[in-house]
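Asker: Turn this into a structure:
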Amino acid sequence: MEREHSNRSRPLAFNLSKFDDWKVRTQAHLSAIHDEMWDMISEGPIIVMMVNTQAAAQGVDAEAMILKPKSQLTSDEKNRANLDNVTQDILYKSLDDSLFSRVRKCTTANQIWNTLMSLGEGDEQEKDNKLTVAMKKFEDFKMLPNEAITDIELRFTKHMGDLSDFGKEPTEKEMNLKIL
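Answerer: Coordinates of the predicted model:
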């Protein structure tokens, strides 16, 4: 069940110009390393808890569950609790020095990821601008001189992916106009 974390390929380099591709590939990479690794991004670190056997003696306000001491963790619990560290390491290694300085104070993989998402996706105005540019490229799309069908198909698929990344799917009418 437990996979060896040291058997990983080199992390993907974070690149703002290819942010959407980096995001998808990094999600797949983390999930492939360990089933729970993506949980570090979406939910935060795993906190191993145990029943508070002293709750009755501590009174009405006592917590029923408490943090399990590190010295009492099983090997599997230690490995699971360490997944956030492994995820942080992978994310850090994907960054150059200028980007690392923006996330160096983050204490969880979730915080690092959210910071990188803000950098890559931008604010609402930037998202709107990117969508406008993608729509313009779609509207102006045409076959280039001496372009092979496979090349035009690749470009068209990329444009469609860009639009999808922004939550825009061309209508059937718009698609039919491109086919003609």
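Asker: all contacts plus neighbour counts: C-alpha atoms, from now on.
Answerer: Noted.
Asker: domain assignment for this structure?
Answerer: Domain assignment for the chain by automatic domain parsing gives 16-121, 124-179.
Asker: quick one, which of those is packed in tightest?
Answerer: A comparison of the domains of the chain by mean neighbour count, using mean count of other Cα atoms under 10 Å, puts domain 16-121 on top with a mean of 15.
Asker: Quick one: distance of that domain to the chain centre.
Answerer: Distance of domain 16-121 from the chain centroid (Cα atoms, centre = their mean, to the nearest Å) equals 12 Å.
Asker: Regarding it, how distant is the last residue from the first?
Answerer: One end of domain 16-121 sits 9 Å from the other (Cα to Cα, to the nearest Å).
Asker: Show me the helices in this protein, by range?
Answerer: For the chain, applying DSSP state H gives helices covering 19-33, 37-42, 55-58, 75-81, 83-93, 97-103, 109-121, 124-139, 149-165, 172-179.
Asker: that older thread, for the domains of the chain, give me TSV that also has mean pLDDT.
Answerer: Output for the domains of the chain, formatted as TSV (pLDDT from 0 to 100):
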stretch	mean pLDDT
domain 16-121	92
domain 124-179	76
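Asker: how much space between the residue in the chain sticking out farthest from the centre and Gln72?
Answerer: Relative to the mean C-alpha coordinate of the chain, counting by Cα atoms, centre = their mean, the farthest residue is Ala57 (44.3 Å). Applying Cα to Cα, the value for Ala57 to Gln72 is 22 Å.
Asker: close enough to count as contact, Asp84 and Glu43?
Answerer: No - with contact defined as Cα atoms under 8 Å, Asp84 and Glu43 do not form a contacting pair (10.4 Å).
Asker: hang on, the earlier thing: can I get the helices of the chain in TSV including distance to Ala64?
Answerer: Output for these, formatted as TSV (distance: least, Cα to Cα, whole Å):
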stretch	distance to Ala64
helix 19-33	32
helix 37-42	25
helix 55-58	6
helix 75-81	20
helix 83-93	25
helix 97-103	35
helix 109-121	27
helix 124-139	43
helix 149-165	44
helix 172-179	56
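Asker: Leu116 is in contact with Cys106, correct?
Answerer: No - using Cα under 8 Å, Cys106 is not in contact with Leu116, being 11.0 Å away.
Asker: Between these two, which contacts overlap?
Answerer: Overlap between the contact sets of Cys106 and Leu116, as judged by Cα atoms under 8 Å, 6 or more residues apart in numbering, is nil.
Asker: Nearest residue to Ala64 in space, please, no chain neighbours.
Answerer: Asn52 (5.3 Å; Cα to Cα, 6 or more residues apart in numbering).
Asker: isn't the one you found right next to Glu63, touching?
Answerer: Yes - counting by Cα under 8 Å, Glu63 is a contact partner of Asn52 at 6.8 Å.
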